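Participant: Here is a sequence together with a model predicted from it:
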Amino acid sequence: MSNRGEKQAMAMDYGPDLELKFCAPEAKLKVSDGLEIAGYASLFGAADQGNDVVMAGAYARSLKAMTASGKSVKMLWQHDPREPIGIWDEVREDRRGLYVKGRLLPDVTRAREAAALIEAGAIDGLSIGYRTKRAEKNAQGQRLLHDLELWEVSLVTFPMLPTARLSGAKGDAADVAPERPNDGGWHELAEALRAASRALAG
């Protein structure tokens, strides 16, 4: 699917004002116990390439509302609402950011491919789909995001060139270990699958 087609699909399902933000962990995403994945989908207090800063507590209202209504944050492949690939069992804020932990579904072909891509290092992080409910500009011109309505957290292919990212995608840097998923089109996906196949073949 082209970036344009993907954006149109997202607009049809979620509305035209859905934004994306990419979070690339310094340590790659890990697959454990077969298909379990975990990492940070968003970091607090760090300015990204779009000069946005997600403030601590930005997801609190949205997560509380989801819990109260019995809804859940969706796990998608490449932000495509037609390709759910798993379930997020844990989505929570801590002092670092938005931590997620979930399971890829073994009966879903794309989920098995995603697991292989993560193990091969072809997928570098997570990306969120959200709507901005409250934000303000500071003296440095940064957009401070105080209240975000979270819709989904996707596993995405991280393009090698920043200009290859989906329009509106933002970049952060993060670790995956908690306190105790620019979006590529089909060309990027094909390249990642080839790289994963070569790595798994040894």
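Facilitator: Looks like it arrived, so ask away. Residues are numbered from 1 along each chain as shown.

Participant: tally of neighbours for the closest residue to Asp89 other than its chain neighbours?
Facilitator: Once flanking residues are discounted, Asp89 sits nearest to Gly102: 5.2 Å by CB to CB, 6 or more residues apart in numbering. Quick note: C-beta positions are derived from backbone N, CA and C, even for glycine. When neighbours are counted by other CB atoms under 10 Å, Gly102 registers 22.

Participant: Now the helix or strand encompassing Gly102 - C-alpha only, PDB.
Facilitator: In this structure, Gly102 sits in strand 97-104 according to DSSP states H and E. C-alpha atoms of strand 97-104 as PDB (Å, rounded to 0.1, in the frame of the first residue of the first chain):
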ATOM      1  CA  GLY A  97       6.800   7.500  28.800                       C
ATOM      2  CA  LEU A  98       4.200   5.200  27.400                       C
ATOM      3  CA  TYR A  99       5.100   1.500  27.900                       C
ATOM      4  CA  VAL A 100       3.400  -1.300  26.000                       C
ATOM      5  CA  LYS A 101       3.500  -5.000  26.300                       C
ATOM      6  CA  GLY A 102       1.600  -7.500  24.200                       C
ATOM      7  CA  ARG A 103       1.300 -10.600  22.000                       C
ATOM      8  CA  LEU A 104       1.500 -11.200  18.300                       C
END
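
Participant: Just the buried residues of the next helix or strand along the chain from that strand, please?
Facilitator: Remark: after strand 97-104, the chain's next helix or strand is helix 109-120, criterion DSSP H and E. Using 16 or more other CB atoms under 10 Å as the test for burial, helix 109-120 gives Arg110, Ala111, Glu113, Ala114, Ala115, Ala116, Leu117, Ile118, Glu119, Ala120.

Participant: Show me what the following helix or strand past helix 109-120 is packed up against.
Facilitator: Using DSSP H and E, the next helix or strand after helix 109-120 towards the C-terminus is strand 125-137. On a contact count with 3 or more CB pairs under 8 Å, 6 or more residues apart in numbering; DSSP states H and E, strand 125-137 meets strand 19-25, strand 36-43, strand 143-156.
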